[in-house]
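Engineer: Provide a 3D model corresponding to the input given below.
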Amino acid sequence: MKIAVCGKGGVGKSTIAALLCEALLEKGFQVLAIDADPSPHLARLLGFAEAEKVVPIAEMKDLLAARAEKDGPFYSLNPKVDDLPEKFMLERDGLKLMVLGAVREAGGGCACPEQTVLRRLLSLLLLQSKEAVVVDMEAGVEHFGRATVSAIDAVLVVVQPYRGSIETAKQIARMAEDLRVPNVYFVGNLVASQEDEDFLSRELGARPLVSFPRDEEILRLERQGLPLGEARGPARAAALKLAEELTKRLQNGT
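Structural biologist: Sure, this is the predicted structure:
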């Protein structure tokens, strides 16, 4: 089961990705979390030791340049990355974490060689992993490579009940469908009422697979810098329900 989590910046995508990882662990899965967001937070949210010292691979400029074999305007389209997971993967209690980050392109410049290395590494992790995989992605899916798409079982599009979030969510869902991702689901976040739920369903044209309520416990854990695995309130219950729904749908092919 290989899940990509996408959504407009600020909708709680990383929080839901972390809660889903913990729920899958609780259900007996071995889990690989991959942080491919430009501002990676999964190490902290998942409670890895010294998370603030973890350097995303996207920020290892010398490593990326070497693996891309940059020579002026030329670079390798098939960079060597198979040794990187062993060197940089973190692990604790049945949970693995790979912090990729994403290359930021200043001034609209091209970072193609570096992106090629990261994209190939992401594809390698997805294709070779035997664990359940949860990828915290950038907002869209246009940066998916062909091999990445072929390995993804489902895209979760996180959306909050306001129009800006909904417009972005619909765009992401359309892109995922255009790339022939087999399963695309909306996941509501900070859904406070049935009115919110109905608003999302009406505007999206589909009911969210699961909706997460506002949970003061999650806010407290975030503020105190504590791992979300300590959550025991409604957000944890929603994450367990999401894990159950994904397991049922993906294993049954529905």
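Engineer: Per-residue pLDDT of R120, please?
Structural biologist: Per-residue confidence at R120 stands at 89 (pLDDT).
Engineer: Equivalent analysis for the one 10 residues further on, please.
Structural biologist: Predicted confidence (pLDDT) at K130: the value is 90.
Engineer: On the three-state scheme, it is what?
Structural biologist: Following DSSP: H, G, I helix; E, B strand; the rest coil, K130 is assigned to coil.
Engineer: State whether it and Q30 are indeed in contact, as I suppose.
Structural biologist: Yes: at 7.3 Å, K130 and Q30 qualify as touching, with contact defined as CB atoms under 8 Å. Yep, even glycine has a C-beta here, placed from its N, CA and C like the rest.
Engineer: Which one's more surrounded, these two?
Structural biologist: Neighbour tally, K130 and Q30, criterion other CB atoms under 10 Å: the higher count belongs to Q30, 13 against 7.
Engineer: Look at stretch 156-172 and report the distance between its end residues.
Structural biologist: The stretch stretch 156-172 measures 10 Å between its terminal residues, going by CA to CA, to the nearest Å.
Engineer: how far out from the middle of the chain is that stretch?
Structural biologist: Centre-to-centre, stretch 156-172 and its host chain are 15 Å apart (CA atoms, centre = their mean, to the nearest Å).
Engineer: Going by neighbour count, list what's buried in it.
Structural biologist: By 16 or more other CB atoms under 10 Å, the buried positions in stretch 156-172 come out as 156-161, 165-166, 168-172.
Engineer: which one among those residues gets closest to G12?
Structural biologist: The shortest distance between G12 and any of the buried residues of stretch 156-172, using CB to CB, involves V158 and amounts to 6.1 Å.
Engineer: any idea how far that closest one lies from F199?
Structural biologist: V158 sits 16 Å away from F199, going by CB to CB, to the nearest Å.
Engineer: what would the buried residues of stretch 156-172 look like in JSON lines with pLDDT, secondary structure and distance to V210?
Structural biologist: Converted to JSON lines, the buried residues of stretch 156-172 look like this (pLDDT from 0 to 100; DSSP: H, G, I helix; E, B strand; the rest coil; distance: CB to CB, whole Å):
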{"residue": "L156", "pLDDT": "97", "secondary structure": "strand", "distance to V210": "9"}
{"residue": "V157", "pLDDT": "96", "secondary structure": "strand", "distance to V210": "12"}
{"residue": "V158", "pLDDT": "97", "secondary structure": "strand", "distance to V210": "11"}
{"residue": "V159", "pLDDT": "97", "secondary structure": "strand", "distance to V210": "12"}
{"residue": "Q160", "pLDDT": "97", "secondary structure": "coil", "distance to V210": "14"}
{"residue": "P161", "pLDDT": "97", "secondary structure": "coil", "distance to V210": "14"}
{"residue": "S165", "pLDDT": "95", "secondary structure": "helix", "distance to V210": "16"}
{"residue": "I166", "pLDDT": "96", "secondary structure": "helix", "distance to V210": "17"}
{"residue": "T168", "pLDDT": "93", "secondary structure": "helix", "distance to V210": "19"}
{"residue": "A169", "pLDDT": "95", "secondary structure": "helix", "distance to V210": "14"}
{"residue": "K170", "pLDDT": "95", "secondary structure": "helix", "distance to V210": "18"}
{"residue": "Q171", "pLDDT": "92", "secondary structure": "helix", "distance to V210": "21"}
{"residue": "I172", "pLDDT": "92", "secondary structure": "helix", "distance to V210": "17"}
